[in-house]
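Q: Let me see the structure of the following:
(3 chains)
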Amino acid sequence: MRPADVVAKDILGAYLIRNVNSKMKAVVKIVEVEAYMGVKDKGSHSYGGRITERNKTMYLEGGVFYVYKIYGIHYCLNVVVNKKDMPHAVLIRAVEPIKGLEIIEKNRGFKENTKNLTNGPGKLSQALDIDLRFNGSNVGDKELYISEDGKVEDEQIISAKRINIDYAAECKDLLLRFYLKGNKFISAK
DNA sequence: CTCACGATTAGA
DNA sequence: CTAATCGTGAGA
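A: Below is the predicted model of the structure:
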């Protein structure tokens, strides 16, 4: 397996597919991600080798989802990468609806302003009905999986500082956030 | 006490 | 339009 920054750029532009009862309900394109680089990354839940009930799935062999609850309300979807006990992860920050828009609208509770449906980590989780059920599930699981299609050219990828990790000292300025150039569904800020 | 967030309210 | 505020629960 590879480190989170490499995988982050790799899954940018890939499709995330949500099935319910084996029926395809929604397909979205991953347009914004952040990499969290394990025990040396002060922005990561796994900084310093910390292991808790919440983040223990980060320590599994790469290829599973890490879903956690933040601020008591919202869920965030990550992909765990790298080897067992190498707690790297990629946070999926924003997606673009491709199919199943009506399901996404239903989950979010409104229809107007389409770009506001999935342009943030908590929003996309609600839009695709993602919660702790998927914590630790395999990225090839039929209910929620990532398609390898949709690769993009390097020049379409913008690198930037990560968001809302001001507490992470010197790590906060690392360019570990990646998004698709010109895409309308990038999160605010 | 803070936080890998988002909705709502208040103000300009 | 922007800024401030707050809900909510895990973790330190």
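Q: how many neighbours does the residue nearest to A:Glu155 when sequence neighbours are not counted have?
A: In space, and not counting its chain neighbours, A:Glu155 is closest to A:Lys181: 7.7 Å by C-beta to C-beta, 6 or more residues apart in numbering. Yep, even glycine has a C-beta here, placed from its N, CA and C like the rest. A:Lys181 has 12 neighbours, counted by other C-beta atoms under 10 Å.
Q: ok now do A:Lys181, which residues does it touch?
A: Neighbouring residues of A:Lys181 by C-beta atoms under 8 Å, 6 or more residues apart in numbering: A:155-158.
Q: Identify, from those, the entry nearest to DNA strand C.
A: Nearest to DNA strand C among those: A:Ile158, at 20.3 Å, using C-beta to the nearest atom of the strand.
Q: For chain A, which residues are neighbours of DNA strand C?
A: A:50, A:52-55, A:69-74 (C-beta under 7 Å from any atom of the strand).
Q: who wins for neighbours among those residues?
A: A:Asn55 (18 neighbours).
Q: mind checking the SS state of the spatially most central residue of chain A?
A: Geometric centre of chain A, nearest residue: A:Ile92, 1.6 Å, by C-alpha atoms, centre = their mean. Following DSSP: H, G, I helix; E, B strand; the rest coil, we place A:Ile92 in the strand state.
Q: show me where chain A has strands.
A: A:15-20, A:23-37, A:64-70, A:74-81, A:88-99, A:144-147, A:157-160, A:177-180 (DSSP state E).
Q: now those strands as JSON lines including mean pLDDT?
A: Shown next, in JSON lines, are the strands of chain A (pLDDT from 0 to 100):
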{"stretch": "strand A:15-20", "mean pLDDT": "96"}
{"stretch": "strand A:23-37", "mean pLDDT": "96"}
{"stretch": "strand A:64-70", "mean pLDDT": "98"}
{"stretch": "strand A:74-81", "mean pLDDT": "98"}
{"stretch": "strand A:88-99", "mean pLDDT": "98"}
{"stretch": "strand A:144-147", "mean pLDDT": "95"}
{"stretch": "strand A:157-160", "mean pLDDT": "96"}
{"stretch": "strand A:177-180", "mean pLDDT": "96"}
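Q: now these in JSON lines, with distance to A:Asp129?
A: Listed next are these as JSON lines, based on distance: least, C-beta to C-beta, whole Å:
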{"stretch": "strand A:15-20", "distance to A:Asp129": "7"}
{"stretch": "strand A:23-37", "distance to A:Asp129": "8"}
{"stretch": "strand A:64-70", "distance to A:Asp129": "12"}
{"stretch": "strand A:74-81", "distance to A:Asp129": "10"}
{"stretch": "strand A:88-99", "distance to A:Asp129": "13"}
{"stretch": "strand A:144-147", "distance to A:Asp129": "9"}
{"stretch": "strand A:157-160", "distance to A:Asp129": "29"}
{"stretch": "strand A:177-180", "distance to A:Asp129": "24"}
